[in-house]
Every structure is written in structure tokens, then in C-alpha cells.
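Q: give me coordinates for this.
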Amino acid sequence: MSGTDKPVWVIAEQKGNGVTSVSYQIIGKARKLADQVNAPVEVILLGNDTSCLTRQLIEAGADRVYLGDAPELALYQSDLFTQIIADLALNHQPEIMLLASTPMGRELAPLIAGKLKTGLTAHCIDLVLDENSILQQKIPAYGGMLTIICPEKRPQMATVAKGVFPSPEPDENRQGEVFPVTLPLVIPTRLKTLEVVCEEPKGVPLESASIVVAGGAGAGGVEGWAEVRELATTLGAAVGSTRPAVDEGWTELETMIGQSGRMCSPECYIGIGLSGELQHMVGISGSGFRAAVNNDPRSPIFEQVDFGVVDDCRQFVPALIEKLKEYNHGN
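A: Presented below is the predicted three-dimensional model:
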């Protein structure tokens, strides 16, 4: 990869009045990849009234921002965004293109890859350049970690899960360029977004929580899950889950952590009645202290935590809640 000809691209997402946190996380990772091969980081931002955000993108690590700022871009339009980004890519030939593994990114990435006739790896949890500067795109699969590469086609494309990379520290001294993006003469109209409805998350958001209490199938049904939630509330923690708990209807899909769920990096993780399968544990790969409660001493979870309790969680969790309340009341 040469410095000016083969940039690393990030497709940023705007939400509300700012750029999403996962976009900054990806820019931080892109900066590290680009620095290994002396390449620039370029960010594409499409929206309306977004010019005020370009400085923040540069401080986060962008050398160049392609800014699409127009009323027609106020709401995400899959066909229009695909055409704009694909046309830019054909003109500027990025080596790598990274998007967030969000509803928008999961739709937009394959549309762009199809236009550019290149490969795409979804929901990556790590990105590494090998000795030949080929992007190793790592995803959890088959009970382990699978590395996917795109040795011939360009750009090398990947979507990245939220929470797997840290947000970069802003550098107010960084300098960068901003280039305006011109809308196509003929705007695609096959699909049009009429309205975006945002639901406020319940409780503490998983991705930003310092403590996560996650329950699994062994948590014990609806009553057991009420105790998992009470423990989380007592600790000021976010509630997480495994897929079996979601499938049973004990908790919402938004709480699911892991390969097909959310990623988080809490300072403290507590697993209640779960076995520790990779599909779940990959979602907390960046966590700090880990504890678990399981009545099976041979459970794989005990090989992956710092502190384990072999006990029936339906008896242990209520007792723990009581002790925590006593402690909080005394302090």
C-alpha cells in the first residue's frame, strides 16, 4: 500500500446531532492500520447540516473527509448512498473500506460490495494487516476464530461490530482536508426513507456499561430473569443475555451478547447460569474482571473467568442481592 494512492476508508454514520460512537471506534482502528503502511485515512460522511462534524472526524484520525451535505441526504436512502459511495470508490480506489455492523451498515455494505464486485466480511471483531499488507478479517466461527482475506479484489471490505475497538482520543492538533461530494444528476428513487423512529433503550446501554450482568438458560425462567434484572439494577449494570434466554422469551433481543448480538467491553462482567460458549463470550472479549455463577463445576465458563461460584444461581443471586442492598444501605 502506498501512502497517497491506497487509502483506508471509513463510512461514518450520523445520528441525531453527531457521528455515532462506533464510527469513531472504526476510525481509531483505521488510523492504526493506515499508520502501519503509511497510508491516509479517509472518511465519507453523508447527511444534512453535517459540516460542523468534519473537525471531530479529523481530530479522531481522518486525513481527509468526503462530505455530502444536502437535504436529500438527511435520511438514509440505500440506493442513493450506495451510488454516491461506489462512485467515490471507483474514482479514488481505496485499499480498505470499513463500515459499522449496524442496521444501516449491514444493508449498505453488501450493496456497495456488489457494485464494486469485491468481497465483504460481516461483523468482524478484529482486523489485522499481515506481512503482505493484506487485511485479515477475523470473525468467531466453528467454535473458534476464523480469518478471512480478500487477496485479489479491492477494496477489502468489512463491517465491524460496535464495542470491539476503543474510541480514539481526539487530537486537536491534527490537520485534514474536507472535500464536498456532489449528488448524482439522477437520484435513485426505488426506495425512499420516509421516517426514522428511534426507541429509547431500557436501562443502561450495553456498549457503554461499566458493569454487565448477563443471564443464560440456567437463570431459571421468568422468575430467575427477574432476579437477574434486579441484580443489574442493584449494581447499576446493564443486562445482557445469551441466545437461549432470548429464544425462550425471557428477555429482549437487544440484550443478546455475542457473535450474532452486541459487543461490549465492561470493566466487570457477571455471568449468571450460562455455559460460556464462544458465540457468547466473543461479545465480551475486551472486558476486564469476569465472574460467573453456575451449578456445574465442569462448565466451560469457569475456564474463562477470574472468579467462579459453583452454586444454584436461583439461590445464590437473591442472597447476593440482599447482601448488596445491606452494604448499600450501610454506606
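Q: could you use CA atoms for every contact and neighbour count after this?
A: OK.
Q: quick one: list the elements packing against the worst-scoring helix or strand of the chain on mean pLDDT.
A: Ranked by mean pLDDT, DSSP states H and E, the weakest helix or strand in the chain is strand 144-148, scoring a mean of 73. Strand 144-148 makes packing contacts with strand 135-141 when contacts are defined by 3 or more C-alpha pairs under 8 Å, 6 or more residues apart in numbering; DSSP states H and E.
Q: what about 10 Å?
A: With contacts taken as 3 or more C-alpha pairs under 10 Å, 6 or more residues apart in numbering; DSSP states H and E, strand 144-148 sits against strand 120-124, strand 126-129, strand 135-141, helix 278-281.
Q: what's the closest of these to Pro7?
A: strand 135-141 (13.0 Å; C-alpha to C-alpha).
Q: alpha carbons of the least confident helix or strand of the chain, in PDB - could you do that?
A: Output of strand 144-148 as PDB, limited to C-alpha atoms (Å, rounded to 0.1, in the frame of the first residue of the first chain):
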ATOM      1  CA  GLY A 144     -13.000 -20.700  17.300                       C
ATOM      2  CA  MET A 145     -11.800 -17.700  15.300                       C
ATOM      3  CA  LEU A 146     -12.000 -17.600  11.500                       C
ATOM      4  CA  THR A 147      -9.700 -15.400   9.500                       C
ATOM      5  CA  ILE A 148     -11.000 -14.200   6.100                       C
END
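Q: okay, buried residues for it please.
A: Thr147, Ile148 (16 or more other C-alpha atoms under 10 Å).
Q: touching that strand from outside, list them.
A: Contact with strand 144-148 is made by 119-121, 124-128, 135-141, 158, 278-279, 282, as judged by C-alpha atoms under 10 Å, 6 or more residues apart in numbering.
Q: let's see it at 7 Å
A: Identification of contacts with strand 144-148 by C-alpha atoms under 7 Å, 6 or more residues apart in numbering yields Gln136, Gln137, Lys138, Ile139, Pro140.
Q: from start to finish, how long is stretch 140-150 in a straight line?
A: Using C-alpha to C-alpha, to the nearest Å, the end-to-end distance of stretch 140-150 comes out at 17 Å.
Q: same question for stretch 205-222.
A: By C-alpha to C-alpha, one end of stretch 205-222 lies 22 Å from the other end.
Q: starting at the chain centroid, how far to that stretch?
A: 18 Å (C-alpha atoms, centre = their mean, to the nearest Å).
Q: ok, stretch 131-149 next?
A: The answer for stretch 131-149 is 17 Å, by C-alpha atoms, centre = their mean.
Q: likewise for stretch 52-64?
A: 20 Å.
Q: give me the buried positions along that stretch.
A: Thr54, Arg55, Gln56, Leu57, Ile58, Glu59, Ala60, Gly61, Ala62, Asp63, Arg64.
Q: contacts for stretch 47-54 next, please.
A: Gln14, Gly18, Val65, Gly68, Asp69, Ala70, Pro71, Leu73, Ala74.
Q: hey, what's the fourth one bridged with?
A: Residues found in beta-bridge contact with Gly68 (criterion: DSSP bridges) are Leu46.
Q: same thing with the second one?
A: Note on Gly18: beta-bridge partners Lys15, judged by DSSP bridges.
Q: picking up where we left off before, reformat the helices and strands packed on strand 144-148 as TSV; add distance to Val204.
A: Output for the helices and strands packed on strand 144-148, formatted as TSV (distance: least, C-alpha to C-alpha, whole Å):
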stretch	distance to Val204
strand 120-124	23
strand 126-129	25
strand 135-141	26
helix 278-281	19
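Q: how about those in CSV, adding distance to Thr242, mean pLDDT and mean neighbour count?
A: What follows is the helices and strands packed on strand 144-148, written out as CSV (distance: least, C-alpha to C-alpha, whole Å; pLDDT from 0 to 100; neighbours: other C-alpha atoms under 10 Å):
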stretch, distance to Thr242, mean pLDDT, mean neighbour count
strand 120-124, 17, 87, 22
strand 126-129, 21, 88, 16
strand 135-141, 15, 81, 20
helix 278-281, 6, 82, 21
